[in-house]
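# build the 3D model from these lines:
(one chain, ligands or ions: 1)
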Amino acid sequence: SLTLEYGAHRIGKRTDQMMETWRNYGLGQFIHWGVYALTGGHWDGEYYSGAAEWIRSWDKMPKDAYDQLYKSFDPKNYEPKAWAKQAKEMGAKYMIITTKHHDGFSLWPSKYTDYDVTNSPYGNDIIGPLVEAYDAEGIDVYLYFSVMDWSQPGYRVSLETEEDRTAYEDFKAFTRNQLIELLELYPSAKGLWFDGTWDEAWKEQAVFADELEKEMRAMIPGLIIGSRFRPDDYGNRHFDSNGDLMGDYEQGWERKLPNTYEDTKGNDWDAVMTVPENQWGYHSDWRGHVKSSYELIEMLVKSVSLDGNFVLNFGPDGQGNIRSEEAKLAKEIGDWMKVNQKAIYSCGYLNWQKQDWGYYTQSREDGKIYMVVFNQPLDGKLRVKTADKVILDKVYPLENPGMILTPELIQKNEYFIPVIMDQKWTSPYVIVVESSSTDEDKNGGFQKAK
Ligand SMILES: COc1ccc([C@@H]2N[C@@H](C)[C@@H](O)[C@H]2O)cc1
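A predicted model of the protein is given here:
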C-alpha cells in the first residue's frame, strides 16, 4: 500500500460512545433551506427542471437577480419549534441543516460575509433557534456546509495561475473562519456534513483540510465528520488512495442505497434521500415520481438492515412553510415508526441469508432479531435460513407478543414461519425472533417456545 500522510487516520469503525450513538440513529432528517427556496424552481415564469437549489447555475437565471434574492428573504412562517416537533413525530433521531449551500448565503450571522441572514429583511439568526428547538426535542443536530461557495471572490474550481493561488488562500482562510465560527456559535452540534468538495482546487488541499479537520475535532471532542471533507495526498475523497475510508462514515450514498452488505465495505454510512427524484431545495412544481411513505419506509429498513442511517430530505418554502406532501410523509412514517421503532433504533445488519419477503435487522442492545415483512408470500410462509448453529427460541409478531408462531423445520437451519393470515396487512409488519446459539449442529434447530 501507499504511504499516505493525509489519508485515512483510522482503519475500521470508530468505537467511542458518540459514534455508537450516531450508528444507532436509524432515521434522520435533512433540511435544505436558503434563498433558492424563494424561486421555487421557477424564474420569470419559466420552469427549471434541475435541482431547485442549483437554479443559480441555470442559464435562464440572471446571476445578479439571484444574488439580490436575499433582500426578499423574510420567512414570516418560520417556526423552528414546529419543525422540530414534526421531526420528533416522524421519529427522526438526528437532523442535518444546510447552514450554507453552494450559493454562499449563510443562514447564521457570519462575521465573514455580508451575504447572510443579518443583511436580509428577516435579520435574525435562522440556525440558532433551529439548533435549540431540535436539541429541546432530543434530536441531535448536524451542520451541512458547502465548501464550494459561488459568492466568494476567492473561490476557484482549479488553480491555474498565481493569481488563482493567491485568491484561493483567502478563500481557504474564509472557509476556516466560517467553520470555526459555526462550531463556536453552535457547540451542541454533533457533527458536520460536508458538500461541494469535488473541485480540483480543493482536492489539492490535503494539508490544509487535515489541519482544519484536526482543529475542528479539538474544538468539539467526538465531532463526527463524513468521508466527503478531506482529500488525501493524491486528491482522493471518501476512500483514500489505499481504499481506506476517510472520516468517520461514508457519505457516498446520495439518492441511492447499497444493495448488499459487501457494498458497504463494513463501514458506517448514511444514505440521504429526496422525496422527488432530484429536488433538495424547495421546488413548487414536483414533476416525475414522488416517493410514497411505503417506498421511503422500505429504504429506511433496507438502510438499517445494512448497518446504515437513512436521512429523508425536507425543503421548506421561501416563507418557512413545510409543504403538505412532506408533512403527510412525516406523519405516515411517524405512524409506522410508533408501532415498529424497535426494529429500527439501535439495530443493524444480521448475517442471515436475505429473503424475498423483506429485511432482517438485529438489535445491538439485546440481540433480538426483527423480520420486517414487505412482500408477504401468497402461501403465508416466511422462509428463514439462519446462520449455522442457531436455535429459534421464540417467534412472535412485534405488535402481538402473545401470539407465538411455531416455525416449521424444512431442513437444517431452514424454516417456514407461518405469518398471521387472519390479518389483512396493508403496511410492512415486524416479526420478532428470539434466538440462541448452540455449539452442536442440532438438526432440530429450534426448541418449542417455553
Ligand atoms: C451532481 O452534482 C451534485 C452536486 C451537489 C449536489 C448537492 N448534494 C446534495 C446533498 C444537495 O445539497 C445537492 O445540491 C448534488 C449533485
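# buried set for stretch 143-163?
The neighbour-count check on stretch 143-163 (16 or more other Cβ atoms under 10 Å) flags 143-152, 154-156, 159 as buried. (Each C-beta comes from the backbone N, C-alpha and C, glycine too.)
# please report how far the closest residue to the ligand within the stretch 301-450 of the chain lies from residue 394.
At 7.7 Å from the ligand, residue 313 is the closest residue in the stretch 301-450 of the chain, using Cβ to the nearest ligand atom. Look at residue 313 and residue 394: by Cβ to Cβ, to the nearest Å, they are 39 Å apart.
# okay, and for this protein, where does confidence drop off?
Along the chain, the parts satisfying pLDDT under 70 run over 420-423, 440-450.
# could you rerun that using 80?
Low-confidence segments of the chain, defined by pLDDT under 80: 420-425, 440-450.
# can you list the residues of it near the ligand?
Within reach of the ligand by Cβ under 6 Å from any ligand atom, the chain has these residues: 32, 51, 53, 54, 195, 254, 272, 280.
# can you put the buried residues of stretch 143-163 in TSV and add secondary structure?
Formatted as TSV, those follow (DSSP: H, G, I helix; E, B strand; the rest coil):
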residue	secondary structure
143	strand
144	strand
145	strand
146	strand
147	coil
148	coil
149	coil
150	coil
151	coil
152	coil
154	coil
155	coil
156	coil
159	coil
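# helices along the stretch 101-250 of the chain, start to end?
127-136, 162-185, 200-203, 206-219 (DSSP state H, counting those that start in this stretch).
# buried residues, the shortest one. List them.
Within helix 200-203, the residues scored as buried using 16+ other Cβ under 10 Å are 201, 202, 203.
# hmm, who's touching it?
Residues outside helix 200-203 that contact it (Cβ atoms under 8 Å, 6 or more residues apart in numbering) are 147-148, 156-159, 164, 168, 197, 209, 231, 235-237.
# how about the second one?
By Cβ under 8 Å, 6+ apart, the surrounding residues in contact with helix 162-185 are 99-100, 106, 108, 110-113, 127-128, 143, 145, 147, 149, 152-156, 158-159, 189, 192, 201, 205, 208, 212, 215-216, 219-220, 223.
# quick one, that helix and helix 206-219 angle?
Between the axes of helix 162-185 and helix 206-219, defined by axes from the mean of the first three to the mean of the last three Cα atoms, to 10 degrees, the angle is 10 degrees.
# send the alpha carbons of helix 162-185 over as CSV?
In CSV, the C-alpha atoms belonging to helix 162-185 read as follows (Å, rounded to 0.1, in the frame of the first residue of the first chain):
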residue,chain,number,x,y,z
GLU,A,162,-0.5,32.6,-9.4
GLU,A,163,-3.5,34.9,-9.0
ASP,A,164,-5.7,31.9,-8.6
ARG,A,165,-3.5,30.6,-5.8
THR,A,166,-3.3,33.9,-4.0
ALA,A,167,-7.1,34.3,-4.2
TYR,A,168,-7.6,30.7,-3.0
GLU,A,169,-5.5,31.3,0.1
ASP,A,170,-8.1,34.0,1.0
PHE,A,171,-10.9,31.5,0.3
LYS,A,172,-9.3,28.9,2.5
ALA,A,173,-9.0,31.3,5.3
PHE,A,174,-12.6,32.4,4.8
THR,A,175,-13.7,28.7,4.8
ARG,A,176,-11.8,28.0,8.0
ASN,A,177,-13.2,31.2,9.6
GLN,A,178,-16.8,30.2,8.9
LEU,A,179,-16.4,26.6,10.2
ILE,A,180,-14.7,27.7,13.4
GLU,A,181,-17.4,30.4,13.8
LEU,A,182,-20.2,27.7,13.4
LEU,A,183,-18.6,25.4,16.0
GLU,A,184,-18.2,28.4,18.4
LEU,A,185,-21.8,29.6,17.9
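# between that helix and helix 127-136, how big is the angle?
40 degrees.
# centroid-nearest residue for the protein?
Centroid-nearest residue in the chain, with Cα atoms, centre = their mean: residue 311, separated by 3.2 Å.
# what's opposite that residue in the beta bridge?
In this entry, residue 311 is beta-bridged to residue 28, residue 272, by DSSP bridges.
# got a list of what the residue in the stretch 1-150 of the chain positioned nearest to the ligand touches?
Scanning the stretch 1-150 of the chain for the residue nearest the ligand gives residue 53, at 4.8 Å (criterion: Cβ to the nearest ligand atom). Contacts for residue 53 (Cβ under 8 Å, 6+ apart) come out as 32, 34, 36, 101, 102, 103, 280, 281, 315.
# which of the three states applies to it?
Taking three-state DSSP, the label given to residue 53 is helix.
# can you check the one 3 residues further on too?
The three-state label for residue 56, taken from three-state DSSP, comes out as helix.
# quick one: what helix or strand has the nearest residue to it once chain neighbours are set aside in it?
Once flanking residues are discounted, residue 56 sits nearest to residue 66: 4.5 Å by Cβ to Cβ, 6 or more residues apart in numbering. Residue 66 belongs to helix 63-68 when assigned by DSSP states H and E.
# now what about that helix, what contacts it?
Contacts for helix 63-68 (Cβ under 8 Å, 6+ apart): 35, 39, 43, 55, 56, 103, 115, 151.
# buried residues in it?
Quick answer for helix 63-68 (16+ other Cβ under 10 Å): 66, 67.
# can you map out the strands along the stretch 301-450 of the chain?
Using DSSP state E, counting those that start in this stretch, the strands assigned to the stretch 301-450 of the chain run over residues 308-314, 347-348, 358-363, 369-373, 381-385, 390-397, 408-411, 414-418, 429-437.
# again with the stretch 1-150 of the chain
27-31, 42-43, 46-47, 94-100, 140-146.
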